[in-house]
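*Asks:* got a sequence here, can you build the structure:
(one chain, ligands or ions: 1)
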Amino acid sequence: MKRLGIFGTSGFAREVGDIAVELGYQPIYIARDQSEQDAWPFPGEVILESQVNDYRDIGFTIGIGENVIRQKIAKRFAGQLSFINLLHPSATFGQNQRRSIEAKQGIIVCAGVRFTNNIQVGDFGVFNLNATIGHDVIVSDFVNLAPGAHISGNVHIGARCWIGTGAAINQGNGNTKLHIGEDTVIGSGSVVVKACEPNSVYVGIPAKRIK
Ligand SMILES: CC(C)(COP(=O)(O)OP(=O)(O)OC[C@H]1O[C@@H](n2cnc3c(N)ncnc32)[C@H](O)[C@@H]1OP(=O)(O)O)[C@@H](O)C(=O)NCCC(=O)NCCS
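*Replies:* This is a model prediction of the structure:
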């Protein structure tokens, strides 16, 4: 059985492990330090981050939802480890879409995610359960779409944005995509009807900036 290194030992890392198993991999979880390794109460091998160089012949993914941490790990091991894409078999893809996602690295697509077509996806994005991504959307690097987030067509999501569970982003148009500035968080259940500033937090219906 092929092995897959999964950075992280949180609940999300285990969910990523489920996808790995579904795809025929044997997960090896990677703890940051000894205390994290000791705290792991589940079946499955856990190694320390300091040991990953002994595993360079296998693929890796980063099972950590926090975008900035995912980015730090990706940078720390850039050029040393091979970060594969994990696409759950139940995800669906519009015409040519799957190929363009498979050309990226470190992407995690959970069960039930739906991509339509002409979507540009950056590296190391997390597309959690049942998220939907409409036509002509741009999703930059290190974005996290939480479960059931719905991104309408012609939206541009900046780097490291977090779109909360069940949030909806209304559509932009062909000339002007609705832009969510980088490092912005959209609260769970919110409905975004217009562009959002970078480094901000928006909540509610319609979503308003609170931070
Ligand atoms: C938006 C969010 C990040 C704000 O967290 P925070 O910065 O700690 O903010 P607070 O909890 O202090 O809330 C600030 C205010 O916004 C309100 N608020 C927070 N989240 C909200 C939401 N999703 N919708 C509507 N209002 C919300 C709070 O009620 C509070 O209002 P008040 O000032 O009138 O009391 C967080 O609430 C959230 O929704 N996170 C996403 C969770 C998620 O999707 N997880 C996915 C796991 S896979």
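*Asks:* can you pull out the low-pLDDT segments for this protein?
*Replies:* Applying pLDDT under 70 to the chain flags no residue at all.
*Asks:* what sits opposite the most centrally placed residue in it in the beta ladder?
*Replies:* Relative to the mean C-alpha position of the chain, the nearest C-alpha, by C-alpha atoms, centre = their mean, is the one of residue 126, at 0.8 Å. As for beta bridges, residue 126 partners with residue 108, residue 144 under DSSP bridges.
*Asks:* got the domain ranges for the chain?
*Replies:* 2-83, 86-202 (automatic domain parsing).
*Asks:* what about the helices in the chain?
*Replies:* For the chain, the helices defined by DSSP state H occupy 11-22, 34-38, 67-76, 97-102.
*Asks:* as TSV, these with distance to the ligand and mean neighbour count would be great.
*Replies:* Using the backbone N, CA and C atoms, a C-beta is placed for each residue, glycine as well. Supplementary listing: these in TSV, determined by distance: least, C-beta to the nearest ligand atom, whole Å; neighbours: other C-beta atoms under 10 Å:
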stretch	distance to the ligand	mean neighbour count
helix 11-22	7	19
helix 34-38	20	12
helix 67-76	12	17
helix 97-102	20	15
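*Asks:* would you confirm that the residue nearest to the centre of the chain contacts residue 108?
*Replies:* Yes. Contact criterion C-beta atoms under 8 Å: residue 126 and residue 108 qualify, at 4.9 Å.
*Asks:* most packed of the domains of the chain?
*Replies:* domain 86-202 (a mean of 19; mean count of other C-beta atoms under 10 Å).
*Asks:* residue contacts, residue 49?
*Replies:* With contacts defined as C-beta atoms under 8 Å, 6 or more residues apart in numbering, residue 49 is in contact with 7, 30, 31, 32, 33.
*Asks:* so how far is the ligand from it?
*Replies:* 23 Å (C-beta to the nearest ligand atom, to the nearest Å).
*Asks:* near the ligand, which residues of the protein show up?
*Replies:* Those residues of the chain that sit near the ligand, judged by C-beta under 6 Å from any ligand atom, are 65, 128, 146-147, 164-165, 185, 187-190, 201, 203-204, 210.
*Asks:* again, only using 8 Å
*Replies:* Contact residues, the chain versus the ligand (C-beta under 8 Å from any ligand atom): 12, 65, 128, 144, 146-147, 149, 162-167, 185-190, 201-205, 210-211.
*Asks:* strands - which of those land there?
*Replies:* The strands, defined by DSSP state E, take in 144, 162, 163, 185, 186, 201, 202, 203 from the residues of the chain next to the ligand.
*Asks:* many thanks, have a good one.
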